[in-house]
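[1] Next one to model:
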Amino acid sequence: MIEIYYASSASGMVKQFAQRLGRAAHDLGDREVRRSVPDGPWVLVTPSYKTGNPDNDTIPEPVRRFLRNPVTRRRLVGVMGSGNRNFGEHYQAAARTIARLSGRPVLYEFELQGTQWDVEDARAILDELDAALDAAHRG
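    This is a model prediction of the structure:
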């Protein structure tokens, strides 16, 4: 099963979402997790923050640090983003920027901590990815 790595603010909304996905979820707020390298394919779940400064990035620092490792970046399968529609043009900015820079897709976008339907949709996407990777591996 593809594992989840996530960044969450003090509100814990992204953490709540990641933990409801029913698979291993690793908190990038933990220094040891940030310094680790995923053993296989993984999905990032990240919030976006409105900074109010167009020159200031919306990508959380723990995510930035984790993605510094080239092996970690290669094993990234895709990105799921949490955002707040009140942020306007900054809505999902982190997930979309990471996807663009990594060449990986935005797999799912949800608002705040997501609804039960968001969790179900995200689980279905992850299950499809698991099946596709398993089929490709079996060749």
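
[2] So Gly78: helix, strand or coil?
    strand (DSSP: H, G, I helix; E, B strand; the rest coil).

[3] Name the nearest residue to it, sequence neighbours excluded.
    Nearest in space to Gly78, with sequence neighbours left out and distances taken as Cβ to Cβ, 6 or more residues apart in numbering, is Leu107 at 4.0 Å. The C-beta positions use only the backbone N, C-alpha and C, and glycine is treated the same way.

[4] which residues sit against the helix or strand hosting the one you found?
    Counting by DSSP states H and E, the element that carries Leu107 is strand 106-111. Residues from elsewhere that reach strand 106-111, judged by Cβ atoms under 8 Å, 6 or more residues apart in numbering: 17, 43, 77-85, 92, 95-96, 99, 118, 121-122, 125, 129.

[5] Identify those among those that sit within helices.
    17, 95-96, 99, 118, 121-122, 125, 129 (DSSP state H).

[6] I'd like those as a markdown table, with distance to Val71 and neighbour count appended.
    Below are those laid out as a markdown table (distance: Cβ to Cβ, whole Å; neighbours: other Cβ atoms under 10 Å):
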| residue | distance to Val71 | neighbour count |
| --- | --- | --- |
| Phe17 | 26 | 26 |
| Ala95 | 21 | 28 |
| Arg96 | 23 | 17 |
| Ala99 | 19 | 19 |
| Asp118 | 30 | 19 |
| Asp121 | 29 | 15 |
| Ala122 | 25 | 24 |
| Ile125 | 24 | 18 |
| Leu129 | 19 | 17 |
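
[7] No more questions from me, cheers.
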